[in-house]
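[1] Quick one, structure for this:
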Amino acid sequence: MVGIVDVAAAAGVSPTTVSHVLNNRGRIAEETRIKVLKAASQLGYQANVHAQQLVTRRSRIIAIQMPDLGDTPGPSLPHSAYFLELINGAAAAADSSGYALVVSPSGGKANVLNGFAIDGAIIVDPHGEEPVFRTDVPMVTIGVALHETREVLTVDNDHAGATRTVLDHFAEQGRRRPALVADRTRRSYVKDVLTGYRSWAAEHGAPERIVTVGSLDRAAVDEAFTELLAAPVDAVYTSSDDLALALLDAASRAGVRVPQELAIASAVDDRSLALTSPQISATNLFPFRTGETAAELLIERLESGPGAFPTRLMPTEFVARASSTPR
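    Got it, this is the predicted structure:
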């Protein structure tokens, strides 16, 4: 196996110089750095990860912790393609920078991150009171923590602005009585959706019709749907793709035609929404790019140290499908 001594001999430098180049330490002339890297590449040198960890006191491992959706007791992973895409994006960015990514479920113990020598963590949709906020691990949140107990870096979408875009879309179709159906979690993006809905309703003189759903059980969804019909409403924006699917099913069973009698759109897009009849309109949050950006921001913080890292605001795109098109 090729070692540092072999690389040093091929490059005509000392093993210490090779070590400094490979670990990005010390002041090395650019010509020397290129010579060492070229020799290492030609010899097929592979660094001893464990040795590097001992020298740098870093594991080159970052974690991504999933949110608590309140539907499963104890540690769990969400059943959603959105979160899978977040993980895939973060994993791609970590791999390209030479880091490993581990996935931590919601409800996990905070000491796991410290116990496994994690360099940093990405916290998805935090409410700000998770135990991990009491650790000293460098952190990036996807979504703004509602009750931050420490300074963190943030990647977020303009959920309030996206909500206003959808409500404007409803209005353009002549729908003047839109409702919002939201889950009861304390996730930051749900709060932003509520803010966007309320500000739009106030500006347009529309009555607020907000219905919260504690679970996706058929009885709970049917109760929420009955409340919507009694309002009455002509359009519904849901805080999640699962809620949009559940409401479409409830409408079908109640004999309410979508979109003729009721338009439906979701605040989160998913492939499943394009497989229904009618297909469901939704806001694309670009989860792969969001996860990728969060990992890049965290790694930048780990490599560069503390500094000014402004919130990264990710784009959104409303995808209009048959569930909200003209009657």
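[2] Contact partners for the residue lying closest to residue 180 once chain neighbours are set aside?
    Closest residue to residue 180 in three dimensions, ignoring its sequence neighbours and counting by C-beta to C-beta, 6 or more residues apart in numbering: residue 197, at 4.5 Å. For glycine as for every other residue, the C-beta is placed from the backbone atoms N, C-alpha and C. Contacts for residue 197 were tallied using C-beta atoms under 8 Å, 6 or more residues apart in numbering; they are 163, 167, 178, 180, 208, 210, 237.
[3] how many other residues sit next to the residue nearest to the fifth one when sequence neighbours are not counted?
    Which is residue 208. Distance criterion C-beta to C-beta, 6+ apart; nearest residue to residue 208, sequence neighbours excluded, is residue 201 at 5.1 Å. Neighbour count of residue 201, defined by other C-beta atoms under 10 Å: 18.
[4] do residue 229 as well
    Using other C-beta under 10 Å, residue 229 is surrounded by 14 other residues.
[5] so where does it fall, helix or strand?
    helix 218-230 (DSSP states H and E).
[6] What is the subsequent helix or strand relative to that helix?
    Per DSSP H and E, the helix or strand that comes after helix 218-230 is strand 235-238.
[7] Could you pull up phi and psi at residue 123?
    Main-chain dihedrals, residue 123, degrees, to the nearest 10: phi -110, psi 120.
[8] check contacts around it.
    Residue 123 neighbours (C-beta under 8 Å, 6+ apart): 65, 130, 132, 133, 139, 140, 141, 142, 145, 152.
[9] Number of residues surrounding the nearest residue to residue 178 once chain neighbours are set aside?
    The shortest distance from residue 178 to any non-neighbouring residue, by C-beta to C-beta, 6+ apart, is to residue 235 (4.2 Å). Close neighbours of residue 235, defined as other C-beta under 10 Å, add up to 26.
[10] hang on, isn't residue 235 packed against residue 180?
    No: using C-beta atoms under 8 Å, residue 235 is not in contact with residue 180, being 9.9 Å away.
[11] need the helices for the stretch 151-300 of the chain, in chain order.
    159-172, 188-204, 218-230, 241-254, 287-304 (DSSP state H, counting those that start in this stretch).
[12] got the angle for the shortest one vs helix 241-254?
    Direction vectors for helix 218-230 and helix 241-254, defined by axes from the mean of the first three to the mean of the last three C-alpha atoms, to 10 degrees, enclose an angle of 70 degrees.
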